[in-house]
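In: Build me a structure from this.
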Amino acid sequence: MRVPSNRLRTIVGTTALLGAALVPVGPPAAAAAGTPLQVYGAWHCSDDACIWGTVRDMAEFDAKNHWLIDRGDGRPSVNLAVLSFVHPLKLLNGTTDATTLDGVPRGMDQAVIGWFKSHGVRVMLSVGGITYTDAWDQALAQNATLLGQRAAALAGRLGVGIEIDYEQNTGPDLTGLQAFVDAYRAAHPYDPTGADPAARLTIDTAAGDRWLIGINQYATANWLRTDKPVLDYANAMVPARQPSASGAIADWQEHLDGKPTYNPPVPPLAPAKFTGSLYIAEGSKVRPECNDFSASLQSSTGSWLQSAAPNGAGSSSGLLGYMFWAAEAPSARGVTTQPPNSCERGVGAGATAYSVPIPMPALRQN
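Out: Okay, the predicted model is just below:
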């Protein structure tokens with residue numbers, strides 16, 4: 001679960017500017033061979049713990065986030081940014097208040113979206129998050145179809161995709177969520193080419209199969225199939241704290257295996273239908289996932305992630321890639337990825353090591 005505060009450069013053979021010091025940077029560790037990564041992205045919380053409540057000055061935004069679009073050699077560190085979070089009930093009601101304009105956080109505007117897109121970075125908006133679980137319940141109960149229509153209209157207007165982050169662990173409104181998805185897909189049909197940004201519709205599930213069970217079971221059985229795809233893919237979210245390499249792999253393997261003993265059973269999920277997620281900003285310390293690729297989990301789990309075999313769903317090996325929680329300021333009191341803590345050496349070095357394609361290509365469908 002990716003949580004705001006109320007929950008819980010590389011340049012080969014040259015130098016990179018980190019904070020106020022020039023730091024020599026060597027080449028990143030070589031990545032193990034396997035199925036190439038296609039998704040390599042970061043959730044982004046703006047500078048106010050995921051509210052996006054104010055319009056950003058773009059010079060200041062660039063200064064605090066430059067690592068995302070420049071790993072030190074002019075290439076972006078990621079190929080996807082997911083702006084987090086849109087309040088579902090405010091989106092449904094078209095609310096205008098101090099932090100929201102017509103249902104959309106004021107900071108999620110064309111200037112920020114264009115900043116990413118101009119560098120080849122795909123943009124999505126995440127609807128929900130753990131803080132807005134009750135708001136998801138209320139919005140689905142009030143008018144799930146209209147919520148889907150308004151999310152689709154927002155995506156079309158801004159030229160972005162939409163991520164469903166509905167973190168109701170007990171009794172999720174799956175009928176309402178189905179109506180939301182149906183309404184969205186009526187406006188933006190599934191597009192395997194990825195050419196239409198607004199057609200990209202994804203969902204977040206738990207790190208493994210033992211939380212958000214109802215949503216995970218329903219999405220895997222109905223929306224994340226390779227023979228009848230409805231959603232593009234799922235993100236296996238970060239757990240409560242950064243896992244070990246073996247812990248992360250064990251969680252992700254649960255999605256590949258499914259849970260046949262559950263009632264109803266959770267089917268296996270195709271490797272090509274989900275990403276694994278890691279923290280880059282957690283607690284009070286800068287993590288190696290942010291600033292030291294050679295010591296990072298994206299390095300130590302990469303061989304497994306690229307070669308993970310299907311176990312009952314899909315035919316190709318390897319997860320789609322990695323997502324990182326979270327850029328800039330996911331917590332009001334914890335560490336940020338603003339300079340001098342920017343993540344060129346971790347996320348950016350990983351983009352180099354794994355030859356991450358920018359812009360994101362059409363995704364594997366098998």
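In: Tell me which stretches of the chain form helices.
Out: 58-69, 88-93, 110-117, 133-158, 174-187, 213-222, 245-257, 288-291, 297-300, 302-307, 349-353 (DSSP state H).
In: Now tabulate those in TSV and tack on distance to Val78, mean neighbour count and mean pLDDT.
Out: All C-beta atoms are positioned from the backbone trio N, CA, C, and that covers glycine. Below are the helices of the chain laid out as TSV (distance: least, Cβ to Cβ, whole Å; neighbours: other Cβ atoms under 10 Å; pLDDT from 0 to 100):
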stretch	distance to Val78	mean neighbour count	mean pLDDT
helix 58-69	6	18	98
helix 88-93	25	22	98
helix 110-117	9	17	98
helix 133-158	19	19	98
helix 174-187	24	19	98
helix 213-222	24	21	98
helix 245-257	19	19	98
helix 288-291	12	23	98
helix 297-300	12	23	98
helix 302-307	16	19	98
helix 349-353	7	26	98
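In: Of the ones you listed, which is nearest Asp48?
Out: helix 58-69 (12.0 Å; Cβ to Cβ).
In: how about the CA coordinates for that closest one, as PDB?
Out: Once non-C-alpha atoms are left out, helix 58-69 reads as follows in PDB (Å, rounded to 0.1, in the frame of the first residue of the first chain):
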ATOM      1  CA  MET A  58       7.300  25.000 -12.900                       C
ATOM      2  CA  ALA A  59      10.800  26.300 -12.300                       C
ATOM      3  CA  GLU A  60      10.500  25.200  -8.700                       C
ATOM      4  CA  PHE A  61       8.900  21.900  -9.700                       C
ATOM      5  CA  ASP A  62      11.700  21.100 -12.100                       C
ATOM      6  CA  ALA A  63      14.400  22.000  -9.500                       C
ATOM      7  CA  LYS A  64      12.800  19.500  -7.000                       C
ATOM      8  CA  ASN A  65      12.000  16.800  -9.600                       C
ATOM      9  CA  HIS A  66      14.700  17.100 -12.300                       C
ATOM     10  CA  TRP A  67      16.000  13.600 -11.700                       C
ATOM     11  CA  LEU A  68      12.800  12.200 -13.000                       C
ATOM     12  CA  ILE A  69      13.400  13.600 -16.500                       C
END
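In: and the angle for it with helix 110-117?
Out: 30 degrees (axes from the mean of the first three to the mean of the last three Cα atoms, to 10 degrees).
In: Centre of the chain to helix 58-69, how far?
Out: For helix 58-69, the separation from the chain centroid amounts to 19 Å (computed by Cα atoms, centre = their mean, to the nearest Å).
In: which other helices and strands contact it?
Out: strand 39-44, helix 110-117 (3 or more Cβ pairs under 8 Å, 6 or more residues apart in numbering; DSSP states H and E).
In: Please repeat the previous calculation with a cut-off of 10 Å.
Out: Under the contact criterion of 3 or more Cβ pairs under 10 Å, 6 or more residues apart in numbering; DSSP states H and E, helix 58-69 touches strand 14-18, strand 39-44, strand 80-86, helix 110-117, strand 321-327.
In: Tabulate the helices of the chain (TSV), appending distance to Arg364.
Out: Shown next, in TSV, are these (distance: least, Cβ to Cβ, whole Å):
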stretch	distance to Arg364
helix 58-69	24
helix 88-93	30
helix 110-117	23
helix 133-158	23
helix 174-187	20
helix 213-222	17
helix 245-257	15
helix 288-291	24
helix 297-300	19
helix 302-307	12
helix 349-353	19
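In: Select, out of the helices and strands packed on helix 58-69, the one closest to Leu201.
Out: strand 80-86 (12.4 Å).
In: pLDDT on that closest one, on average?
Out: Averaging pLDDT along strand 80-86 yields 99.
In: Convert that strand to PDB, retaining C-alpha atoms only.
Out: This file holds the C-alpha atoms of strand 80-86, laid out as PDB (Å, rounded to 0.1, in the frame of the first residue of the first chain):
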ATOM      1  CA  LEU A  80       5.900   6.600 -16.400                       C
ATOM      2  CA  ALA A  81       4.700   9.000 -13.700                       C
ATOM      3  CA  VAL A  82       1.500   8.400 -11.800                       C
ATOM      4  CA  LEU A  83       0.200  11.500 -10.100                       C
ATOM      5  CA  SER A  84      -1.300  10.500  -6.800                       C
ATOM      6  CA  PHE A  85      -4.100  11.000  -5.700                       C
ATOM      7  CA  VAL A  86      -7.500  12.100  -7.100                       C
END
